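Chemist: 3D model of this:
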Amino acid sequence: MSKRNIPVVDLEHFIHGAPAVRADFVAELGRAFTEVGFVGVVNHGVSAQLVDDFYAAAKRFFGLSVDVKRKYEVAGLAGQRGYTSFGKEHAKQSEVADLKEFFQIGQTVAPDHPLKSQYPDNVNVAEEADFFRLGNELYRAFEKSGGALLEAIAIYLDLGEHYFTNNIEKGNSILRAIHYPPITKEPESAIRAEQHEDINLITLLVGASAGGLQVQDMDDNWLPVLPDEGEIVVNVGDMLQRLTNNLLKSTTHRVVNPPREQWHMPRLSIPFFLHPKSDMDLTCLDKCVTEETPLAYEPITAGEYLDERLREIGLKK
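Modeler: You can find the predicted model right below:
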């Protein structure tokens, strides 16, 4: 275990490695996701320049006035496209809103694509012309890296390398730019992001502009995650945990408030929530159901599960 309290793997070993090197990568990733649920990934193929450029554009967007930002909040979309204002989202077990605002970019498909009706148009910000262009580029880069990681997971689960490929092609993934503003008064029992698990298959998080991310270990201790520069933090989401009947761990995590002397510092982070298409069957894999690990979940599709969870966290009525 590294000083970051999570294992670290090198994606280049999987993409271009000899068979034995690839096999070692698959074993390392599988061990990380069964024991910790989180892993740091280096040589992931996402351009540092692209990340920096999108961070800068996101910072400029969140620096706009509240009235301007609210022009990009789309009613009826449960925050799945465009802006979601401060204090709207909360963890499913909490009634207190997280101390954040965010902007979401989703999948784009051609107007005549069979899935077009499922994917609302993305939101362009007139005041920040490069915001969507850069975000869409970053979305594609994360899709590619996330797809490679899921190929390794499929091999680990002995499902065949391309088990997830068709399910995630043109899937319902989301790139989210999250802004945690400076804390100006004693919070009402809320932290920047209360403890939660992610909904999706896997999440890829590129380095936040300030610390605060913590994961909960098997003994209920909270451990800080401190990735090196350029490293992506990847964690299992509830859909993958559900599919594997709890073999792969969707680990509880949170973003804590900084020390009081740093309350004036905002925090920006960019997670990519990798989702499959809505019709993916999340019924637990037969091979993951045994006498020792009896069936834990009823059958459900990814779309049904996402809908259920969006209601739980207050984004959908």
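
Chemist: just for the stretch 201-317 of the chain, where's the confidence low?
Modeler: Low-confidence segments of the stretch 201-317 of the chain, defined by pLDDT under 70: 207-211, 257-265, 313-317.

Chemist: now the helices for it?
Modeler: 238-243, 302-312 (DSSP state H, counting those that start in this stretch).

Chemist: longest helix in this protein, please.
Modeler: helix 130-156 (DSSP state H).

Chemist: now do it: distance to the chain's middle.
Modeler: Distance, stretch centre to chain centre, for helix 130-156: 11 Å (CA atoms, centre = their mean, to the nearest Å).

Chemist: if I read this right, residue 110 contacts residue 119, doesn't it?
Modeler: No: here residue 110 lies out of contact with residue 119, judged by CB atoms under 8 Å, at a distance of 10.5 Å. Quick note: C-beta positions are derived from backbone N, CA and C, even for glycine.

Chemist: compare the two (neighbour count), which wins?
Modeler: Remark: of residue 110 and residue 119, residue 119 carries more neighbours, 17 against 9, as counted by other CB atoms under 10 Å.

Chemist: quick one: pLDDT of that one?
Modeler: On the pLDDT scale, residue 119 is placed at 94.

Chemist: relative to residue 37, how far out is it?
Modeler: Separation of residue 119 from residue 37 (CB to CB, to the nearest Å): 29 Å.

Chemist: circling back: so can I have JSON lines of the helices of the stretch 201-317 of the chain showing distance to residue 200?
Modeler: Converted to JSON lines, those look like this (distance: least, CB to CB, whole Å):
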{"stretch": "helix 238-243", "distance to residue 200": "6"}
{"stretch": "helix 302-312", "distance to residue 200": "8"}
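
Chemist: out of those helices, which is the most enclosed?
Modeler: helix 238-243 (a mean of 23; mean count of other CB atoms under 10 Å).

Chemist: and that one, what does it pack onto?
Modeler: Helix 238-243 is packed against helix 302-312, with contacts defined by 3 or more CB pairs under 8 Å, 6 or more residues apart in numbering; DSSP states H and E.

Chemist: so how far is the helix it packs on off the chain centroid?
Modeler: 15 Å.

Chemist: equivalent analysis for stretch 296-313, please.
Modeler: Centroid displacement of stretch 296-313 relative to its chain, using CA atoms, centre = their mean, is 16 Å.

Chemist: how about the CA coordinates for that stretch, as PDB?
Modeler: Presented in PDB, the C-alpha positions along stretch 296-313 are these (Å, rounded to 0.1, in the frame of the first residue of the first chain):
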ATOM      1  CA  ALA A 296     -27.600 -10.200  -2.400                       C
ATOM      2  CA  TYR A 297     -29.600  -8.300  -5.000                       C
ATOM      3  CA  GLU A 298     -32.800  -8.600  -7.100                       C
ATOM      4  CA  PRO A 299     -32.400  -8.300 -11.000                       C
ATOM      5  CA  ILE A 300     -32.500  -4.700 -12.300                       C
ATOM      6  CA  THR A 301     -31.300  -2.800 -15.400                       C
ATOM      7  CA  ALA A 302     -28.700   0.000 -15.200                       C
ATOM      8  CA  GLY A 303     -31.300   2.500 -16.200                       C
ATOM      9  CA  GLU A 304     -33.800   1.400 -13.500                       C
ATOM     10  CA  TYR A 305     -31.000   1.500 -10.900                       C
ATOM     11  CA  LEU A 306     -29.800   4.900 -11.900                       C
ATOM     12  CA  ASP A 307     -33.400   6.300 -11.700                       C
ATOM     13  CA  GLU A 308     -33.800   4.800  -8.200                       C
ATOM     14  CA  ARG A 309     -30.600   6.400  -7.000                       C
ATOM     15  CA  LEU A 310     -31.100   9.800  -8.500                       C
ATOM     16  CA  ARG A 311     -34.300  10.000  -6.500                       C
ATOM     17  CA  GLU A 312     -32.500   8.900  -3.300                       C
ATOM     18  CA  ILE A 313     -29.900  11.700  -3.600                       C
END
